[in-house]
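# Okay, structure incoming, though there's no sequence with it:
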């Protein structure tokens, strides 16, 4: 998974965090999805996709 590699290189990569949140959300793992989306939001609160994912439950 490329997002995991991106996080290994930079654990504060908001795009990788957001994408992992989206992947877990699509797989039905809401807790993990929200965890990664919240981490992404802490770094980049202006990202509309992250805000949307948090607002509508992934």
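Arrived safely, thanks for sending. Keep in mind the model is a prediction, meaning the values are calculated, not measured. Residues are numbered from 1 along each chain as shown.
# which ones are touching residue 57?
25, 30, 34 (CB atoms under 8 Å, 6 or more residues apart in numbering). Just so you know, the C-beta spots here come from the backbone N, C-alpha and C atoms, and that holds for glycine as well.
# Show me which of these are buried.
25, 34 (16 or more other CB atoms under 10 Å).
# Among the contacts of residue 57, which one lies nearest to residue 52?
The shortest approach to residue 52 among those belongs to residue 25, at 11.0 Å (CB to CB).
# now for whatever helix or strand that closest one lives in, which elements pack on it?
Using DSSP states H and E, residue 25 maps to helix 14-26. Judged by 3 or more CB pairs under 8 Å, 6 or more residues apart in numbering; DSSP states H and E, the packing partners of helix 14-26 are helix 2-9, helix 30-43, helix 48-55.
# if you set the cut-off to 6 Å instead, what comes out?
With contacts taken as 3 or more CB pairs under 6 Å, 6 or more residues apart in numbering; DSSP states H and E, helix 14-26 sits against helix 2-9, helix 30-43.
# So for residue 18, which of the ones you listed sits nearest?
helix 30-43 (4.2 Å).
# Could you check the closest one and say which residues are buried?
Applying a neighbour-count criterion of 16+ other CB under 10 Å, the buried positions in helix 30-43 are 32-34, 36-37, 39-41.
# Out of these, the closest to residue 11 would be?
Using CB to CB, the buried residues of helix 30-43 come closest to residue 11 at residue 39, 8.8 Å.
# Taking the centroid of this protein, which residue is nearest it?
residue 18 (2.4 Å; CA atoms, centre = their mean).
# okay, that one: pLDDT?
Looking at residue 18, its pLDDT reads 96.
# isn't it right up against residue 40?
Yes. Counting by CB atoms under 6 Å, residue 18 touches residue 40, with 4.2 Å between them.
# Report the set of residues contacting both of those two.
Each of residue 50 lies in contact with both residue 18 and residue 40 under the rule CB atoms under 6 Å, 6 or more residues apart in numbering.
# mind checking how far residue 20 is from residue 9?
14 Å (CB to CB, to the nearest Å).
# So which of the two has more stuff around it?
Neighbours of residue 20 and residue 9, each counted by other CB atoms under 10 Å, are more numerous for residue 20; the result is 23 against 9.
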